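1. need a structure here:
(one chain, ligands or ions: 1)
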Amino acid sequence: MSEPVSQPVSQPPTPPPGALEPQPALLRTKADLAAARRGLPAPVVLVPTMGALHAGHRALLRAARAAAGPSGSVIVSIFVNPLQFRPGEDLDRYPRTLDDDLAMCAREGVRAVFAPSAAEMYPAGPPQVTVDPGPAGQVFEGEFRPGFFGGVLTVVLKLFHLVRPDVAVFGEKDAQQLALVRRLVADTDLALAIEAVPIVRDPDGLATSSRNRYLSAADRELALTLPRALRAGQARAAAEDTHSAAAALAAAQEVLRGEPALAVDYVAVVDPRTFGPPGPGSALIVAAVTAGGTRLIDNVPVVLAGGQNTERDFRGAADH
Ligand code: AMP
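-> Predicted coordinates for the structure are as follows:
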């Protein structure tokens, strides 16, 4: 008889990239989702998206994975919601990259991807009963994209009902959307927590976005004026003794005026919860521009001192 041979202690071999990642379940119908939901270990964390996933979404997936903990589940929804596009916007040409999206979800430990058709989500056509986003949904994005937040909040509420998540993760990139989703949860007593993830930027400073792929090299150069203007506003607010909204706004406007090819919808310093005039403390500089036909939004945080902010100086219109 031979002596027992002791096994060398070794690490499991590193799989080649992508080889052994469990694929998320791809759910196309509400019935498939309901069946899969029953087997998902809690806590269940939802990341709502329109797909064409990029580094910004990846940060949300990682935050979701952390919120789910070792035993919970991350579920991603991918749905280009017709309700939030107006005629003439980019609904038909919005990028759709499902295979790549599923690969990213697999790498980030996502358990299930809910990717329904419009007919599946709205079987009777556009819904008759929708969510009214209230006054904070009428300004800024709501003013320039009428009906947008009604469409967003309606689909978000449907996703919350269908998935029944314990936590849902949203990006600060869409700061007004985040504020309105928080308001939806508070005002309608939804039993889930909302987690926010800071903006992810490319090395040149542009916030990552599914729509950035529309930009030519020249458009992208032009688009970089947006984060540059916001940084100038942020720096001015931090440098001035007054920490004033007016000074921050003026600095951002000055940079935007220097680039007349950029069409500015709005630039403003706002309260991050109400999108009204800011008080002392945390505020956001928000802006929306169009560079070579592509509309982009962005924002940066600022801290304001008390006493000097007025209705008059929180908003700069498209005045150049
Ligand atoms: P979308 O697919 O564009 O509807 O975005 C889905 C979610 O990803 C939203 O909560 C966005 O705010 C978030 N998101 C998109 N881009 C970024 C980014 N660059 N940084 C952080 N979050 C982002």
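
2. and whatever helix or strand residue 253 lives in, how far from the chain's centre?
-> Here residue 253 sits within helix 245-257, counting by DSSP states H and E. Centre-to-centre, helix 245-257 and its host chain are 25 Å apart (Cα atoms, centre = their mean, to the nearest Å).

3. Just the C-alphas of it, formatted as PDB.
-> This file holds the C-alpha atoms of helix 245-257, laid out as PDB (Å, rounded to 0.1, in the frame of the first residue of the first chain):
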ATOM      1  CA  ALA A 245     -24.900  81.200  -6.200                       C
ATOM      2  CA  ALA A 246     -24.700  84.300  -8.300                       C
ATOM      3  CA  ALA A 247     -20.900  84.200  -8.500                       C
ATOM      4  CA  ALA A 248     -20.900  80.500  -9.300                       C
ATOM      5  CA  LEU A 249     -23.600  81.000 -12.000                       C
ATOM      6  CA  ALA A 250     -21.700  84.000 -13.500                       C
ATOM      7  CA  ALA A 251     -18.500  81.900 -13.800                       C
ATOM      8  CA  ALA A 252     -20.300  79.000 -15.500                       C
ATOM      9  CA  GLN A 253     -22.100  81.400 -17.900                       C
ATOM     10  CA  GLU A 254     -18.900  83.100 -18.800                       C
ATOM     11  CA  VAL A 255     -17.400  79.800 -20.000                       C
ATOM     12  CA  LEU A 256     -20.500  78.800 -21.900                       C
ATOM     13  CA  ARG A 257     -20.700  82.300 -23.600                       C
END
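
4. Quick one: mean pLDDT for the helix or strand that it is followed by?
-> With elements assigned by DSSP H and E, the helix or strand that comes after helix 245-257 is strand 263-270. The pLDDT scores in strand 263-270 average 98.

5. I would like the residues contacting strand 263-270, please.
-> Under the criterion Cβ atoms under 8 Å, 6 or more residues apart in numbering, residues 140, 143-144, 229, 233, 245, 248-249, 252-253, 256, 276-278, 283-290, 295, 302, 304, 309, 313-318, 320 lie in contact with strand 263-270. For glycine as for every other residue, the C-beta is placed from the backbone atoms N, C-alpha and C.

6. Filter the residues you listed down to the buried ones, PyMOL style.
-> A single PyMOL command selects the buried members of the contacts of strand 263-270 (16 or more other Cβ atoms under 10 Å):
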select buried, resi 140+229+233+245+248+249+252+253+256+277+278+283+284+285+286+287+288+289+290+295+302+304+309+313+314+315+316
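
7. With adjacent residues omitted, what lies nearest to the residue of the stretch 201-320 of the chain found nearest the ligand?
-> In the stretch 201-320 of the chain, the residue that lies nearest the ligand is residue 208 (4.0 Å; Cβ to the nearest ligand atom). Using Cβ to Cβ, 6 or more residues apart in numbering and skipping the chain neighbours, the partner closest in space to residue 208 is residue 56 (4.2 Å).
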